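>>> Need a 3D model of the following:
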Amino acid sequence: MQDEITEAVTIAITPAIADAEQRRAMRKPPGNLDAWAAYQRGLWHMSKATADDNALAQKFFQQAIGLAPTFAGPHRGLAEAQFYAAVVFRTRTFPEVQNSIEALARRAVALDGGDAEAHSWLGVTLLSRGDYEGALAEAERAIALSPNLAIAHGWLGHVLIWSGRPKDGLGGIQRYRRLDPRDPSMAILSMQEAVAHYFCHEYEAAARQAAKGVIRSYPDFPLPYRWLAAALGQAGRIEEAKQALKTAVMVSPATFEMYVRARPPWFRPEDHAHMLEGLRKAGPEEELSRPHSAPERCRYGCGGYFANRDDWQGLHPRPTSPRLTPSRRALTRAVLATSPSNQKRERQRLHASPQLGMIRAQLAPSLRRGACYLVTRPRRLK
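Residues are numbered from 1 along each chain as shown. The predicted model follows:
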């Protein structure tokens, strides 16, 4: 009874306090932040699960470390943000940041051995090297230090899922979401729920969680599209799977390449083969084996990008197609997931991030106007 009361109080109070702290930090000018406010601001940006926000999160965590070098939280936060930069957004390579991530995680633990979040993240770091035993030990230590800490249950679930115990891991992820539905790591851990269902051969549940539980809230987060395609393929929903596979490639070609062309260290061989099995049902083998490079600037005058892929060439306007001229002041701009620098430049022009849910509705009209493939919301030119 006492444990139930404690958990109820935790659910009611902890997320609200964390949210209030982040909002207070966001109201302060960036040049007038103390270490705690810079750390909270970093968490706020990390929670948005976009490449641009991830870069800002790293900046604020580094600022917090500079202001308070013995504060463990920013070290852990910077390690997590660097991890996402490498394995989610591909703005850096994983070998480039692997040693830095582990050093930051170990530094956080050394600074505060009682910090359950630091132990949790050290567990994730060890998992990323394929050290399942070490990862599980750190994740369980975090639970022992703080039994009602939401993120400790979330990362324990994550470790269990990738260690071959998806059923047990699913329980940890669900408890995490119940304890703190506003946690900054919600995007990636919500996706882990879809992964757990997939590894349990519950493909409809995996597809539902990927589409409604993750993509709907985080459309710029590239990882769930691949699991959606694999789950739909395994469920026999081939046409939907093909569309999801194309979207998975287009949202972030580099991320798709990383997970499909090679096996990341935290994937067990049988789990990687299981994922590829679903993707092969979603598309032909050559779709998975061909290199997926970033799109190039459109050479026909529309100002967007086109994919350097044979199956999209038929969609691009012929050179005789009417060009989009600057005089059309409220046209819809074409954009395909491309390199981070190009994404940032396009978003600055558009004043909005790509709305992937609008692809299907706006694709045909944009082609009739002679634009390229993926489109975003209309913008106004000055």
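
>>> Just give me the neighbour total for T70.
10 (other C-beta atoms under 10 Å). Where you see a C-beta, it was placed from the backbone N, CA and C, and this is true even at glycine.

>>> Could you give the number of residues near the residue nearest to it when sequence neighbours are not counted?
Spatially, and ignoring its direct neighbours in sequence, T70 is nearest to L111 (5.7 Å; C-beta to C-beta, 6 or more residues apart in numbering). L111 has 16 neighbours, counted by other C-beta under 10 Å.

>>> The chain should start at 83 in everything you say after this.
Fine by me, first position is 83 from now on; the one you just mentioned is L193.

>>> quick one: secondary structure of G196?
What DSSP: H, G, I helix; E, B strand; the rest coil gives for G196 is coil.

>>> residues in contact with it?
Residues in contact with G196, defined by C-beta atoms under 8 Å, 6 or more residues apart in numbering, are L227.

>>> Need phi/psi at it.
phi -90, psi 10 (degrees, to the nearest 10).

>>> hang on, L238 packs against G254?
Yes - under the criterion of C-beta atoms under 8 Å, L238 makes contact with G254 at 4.7 Å.

>>> pLDDT below threshold where in the stretch 283-432 of the chain?
The model of the stretch 283-432 of the chain has pLDDT under 70 over residues 366-432.

>>> Tell me which stretches of it form strands.
Counting by DSSP state E, counting those that start in this stretch, residue ranges of the strands within the stretch 283-432 of the chain are 378-379, 387-388.

>>> surely the residue nearest to T152 meets A154?
Yes - counting by C-beta under 8 Å, A154 is a contact partner of L193 at 4.1 Å.

>>> Around the residue lying closest to P351 once chain neighbours are set aside, how many other residues sit close by?
Excluding the flanking residues, the one nearest P351 by C-beta to C-beta, 6+ apart is R345, at 6.7 Å. The criterion is other C-beta under 10 Å. On that basis, R345 has 15 neighbouring residues.

>>> Repeat that for R211.
The local packing of R211 (other C-beta under 10 Å) involves 14 other residues.

>>> Relative to H201, how far out is the residue nearest to it when sequence neighbours are not counted?
With C-beta to C-beta, 6+ apart as the criterion, R211 has its nearest non-adjacent residue at 5.7 Å, and that residue is P347. Noted for P347: a distance of 20 Å to H201, by C-beta to C-beta, to the nearest Å.

>>> Next: L327.
37 Å.

>>> follow-up on the earlier one: now do the shared contacts for L193 and A154.
A200.

>>> coming back round to it: so the residue nearest to P351 touches H354, yeah?
Yes - using C-beta under 8 Å as the test, R345 is close enough to H354 to be in contact (4.4 Å).

>>> Can you give me the neighbour number for I320?
13.

>>> can you give me the helices in the stretch 133-282 of the chain?
For the stretch 133-282 of the chain, the helices defined by DSSP state H, counting those that start in this stretch occupy 133-149, 154-169, 176-193, 198-210, 214-227, 232-244, 248-261, 268-281.
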